[in-house]
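1. Predicted coordinates and the sequence they were generated for:
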Amino acid sequence: MTSGTTLLPTEPFGRSGLPVTALGFGAATLGGLFAPLSDEDAHDVLNAAWDAGIRYFDTAPHYGVGLSEERLGRFLAGKPRDAYVLSTKVGRVLVPGGGPPDSVQGVDGFYGTPNRVRVRDYSADGVRRSLDESLERLGLDRVDIVFVHDPDEHARQALTEAYPALAALRDEGVVASVGVGMNQVAIPARFVRETDIDCLLVAGRYTLLRAEAGRELLPLCAERGVDVVGAGAFNSGLLATPDESPVFDYAAAPAPLVARARAIADVCAGHGVPLPVAALAFVRAHPAVRTVLAGMRSAAEVRQNAGAVTTEVPAALWEDLRAAGLLPEAAVLPGAGQAGYFASE
């Protein structure tokens, strides 16, 4: 990769060894997740990410019914194609209609979006159509990684149609790596066992507050050489700003989880470590995880997260969290590797 900016640390990803940076830009925010984002602000946050050395970008048709892909594509149009790694997703085809989004509630959590409707489609034809239309919105002739997106109620079709279609595109050299991206663990584990996927995007299921992916899924990935993108390290915000109208998994955070997050933050503060730094470090520490994704809406958030992934966290912090019973079951102590599994007291 070529760049005039100092990159964040990179690790090889997938069977082709794509150099993903330690922090990836989760582009759901570009689609107006939680609140509208202007074109100017979208460009500014992407420019800040590039200047901070981030070179892995993840988007999806779902994010703002294509708005995220369009904005990301416009930004990347001025960058050398070999200077970044890009992933998008299949499983939702976009069609015109639906009317403008509600100004108060948005549509599926996205605000200020185009007049389009999402249609679930995990068929082979749907996958190819989805990818073709994503490339058109992005203004590119290829993406590097394609994830099957949220096939929760469509697992059979995703396994028997979507995956084979993507595997064929991988064999043809159209994409470098294929995988599945979800915020659950059971179906991704099936993909790891039953297919030859390269990678997973695991969202919000291996964090300081919930780590069920650590029980079986992530060890299975480590065993089989399936690389993992750790997304949702902040569980939608609670592990970033637990004192500011906390959100957990896209909804108002339950009081017990808010109390737990604040207790974790207090332990972190005792070591001089901001909670977001610890949240990202925890996810990155798992042996199967190659990069963490974070959604960012401002240059300040970019700088904070880029600094966080290069900040060393003292081992005593993890030991104190463990002693207080504040680490989730099936967690891996940073620096401990697979031998570091333990259950919280």
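-> That came through, no problem.

2. Mind listing what's buried along stretch 138-154?
-> For stretch 138-154, the neighbour count (16 or more other C-beta atoms under 10 Å) marks Leu138, Leu140, Val143, Asp144, Ile145, Val146, Phe147, Val148, His149, Asp150, Pro151, His154 as buried. In short, each C-beta sits where N, CA and C put it, glycine included.

3. Columns secondary structure, pLDDT and distance to Gly204 on top of those residues, output as CSV?
-> Below are those laid out as CSV (DSSP: H, G, I helix; E, B strand; the rest coil; pLDDT from 0 to 100; distance: C-beta to C-beta, whole Å):
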residue, secondary structure, pLDDT, distance to Gly204
Leu138, helix, 98, 25
Leu140, coil, 96, 28
Val143, coil, 97, 23
Asp144, coil, 98, 23
Ile145, strand, 98, 19
Val146, strand, 98, 21
Phe147, strand, 98, 15
Val148, strand, 98, 18
His149, strand, 98, 15
Asp150, coil, 98, 12
Pro151, coil, 98, 17
His154, coil, 98, 20
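
4. Report the central residue of this protein.
-> Ala231 (3.3 Å; C-alpha atoms, centre = their mean).

5. who does that one bridge with?
-> Bridge pairing for Ala231 (DSSP bridges) gives the partners Ala203.

6. Surely it touches Val292?
-> Yes: the pair Ala231 and Val292 qualifies as a contact (C-beta atoms under 8 Å) at a distance of 7.3 Å.

7. quick one on the thing from earlier: and the buried residues of stretch 138-154, which two are furthest apart?
-> The largest separation in these, counting by C-beta to C-beta, is between Leu140 and His154 at 26.6 Å.

8. tell me the contacts of the closest residue in space to Pro314 that isn't next to it in sequence?
-> Leaving aside its sequence neighbours, Pro314 sits nearest to His271 (C-beta to C-beta, 6 or more residues apart in numbering; 5.6 Å). By C-beta atoms under 8 Å, 6 or more residues apart in numbering, His271 lies in contact with Val313, Pro314, Ala316, Leu317, Asp320.

9. Considering those residues, which is situated nearest to Val174?
-> Of all the contacts of His271, the one sitting nearest Val174 is Val313; the distance, using C-beta to C-beta, is 39.6 Å.

10. Could you measure from the closest one over to Gln304?
-> Distance, Val313 to Gln304, by C-beta to C-beta, to the nearest Å: 15 Å.

11. Likewise for Arg71?
-> 21 Å.

12. Assess the claim that Tyr206 and Arg215 are in contact.
-> No: Tyr206 lies out of contact with Arg215 (C-beta under 8 Å); the separation is 9.9 Å.

13. More neighbours: those two, which one.
-> For Tyr206 versus Arg215, the count of surrounding residues by other C-beta atoms under 10 Å is larger for Tyr206: 30 against 16.

14. neighbours around the closest residue to the more buried one other than its chain neighbours, how many?
-> In space, and not counting its chain neighbours, Tyr206 is closest to Ala213: 4.1 Å by C-beta to C-beta, 6+ apart. For Ala213, the neighbour count with other C-beta under 10 Å is 30.

15. do Phe57 as well
-> Residue neighbour count, defined by other C-beta under 10 Å, stands at 26 for Phe57.

16. related to what we said a few turns ago, save the buried residues of stretch 138-154 as CSV, and put in distance to Arg116 too.
-> Below are the buried residues of stretch 138-154 laid out as CSV (distance: C-beta to C-beta, whole Å):
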residue, distance to Arg116
Leu138, 16
Leu140, 20
Val143, 20
Asp144, 25
Ile145, 24
Val146, 20
Phe147, 20
Val148, 20
His149, 16
Asp150, 17
Pro151, 21
His154, 20
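
17. Poorly predicted segments of this protein, please.
-> For the chain, the stretches with pLDDT under 70 are 1-5, 99-106, 335-345.

18. can you map out the helices along it?
-> In the chain, the helices defined using DSSP state H lie at 39-51, 67-76, 124-138, 155-157, 163-171, 186-194, 217-224, 255-270, 275-284, 299-308, 315-323.

19. buried set for the last one?
-> With burial defined by 16+ other C-beta under 10 Å, the residues of helix 315-323 counted as buried are Leu317, Trp318, Asp320, Leu321.

20. would you turn the contacts of His271 into a markdown table with distance to Ala28?
-> Shown next, in a markdown table, are the contacts of His271 (distance: C-beta to C-beta, whole Å):
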| residue | distance to Ala28 |
| --- | --- |
| Val313 | 26 |
| Pro314 | 32 |
| Ala316 | 35 |
| Leu317 | 29 |
| Asp320 | 33 |
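
21. Max pairwise distance over those residues: which two?
-> The most distant members of the contacts of His271, if one measures by C-beta to C-beta, are Val313 and Asp320, lying 11.5 Å apart.
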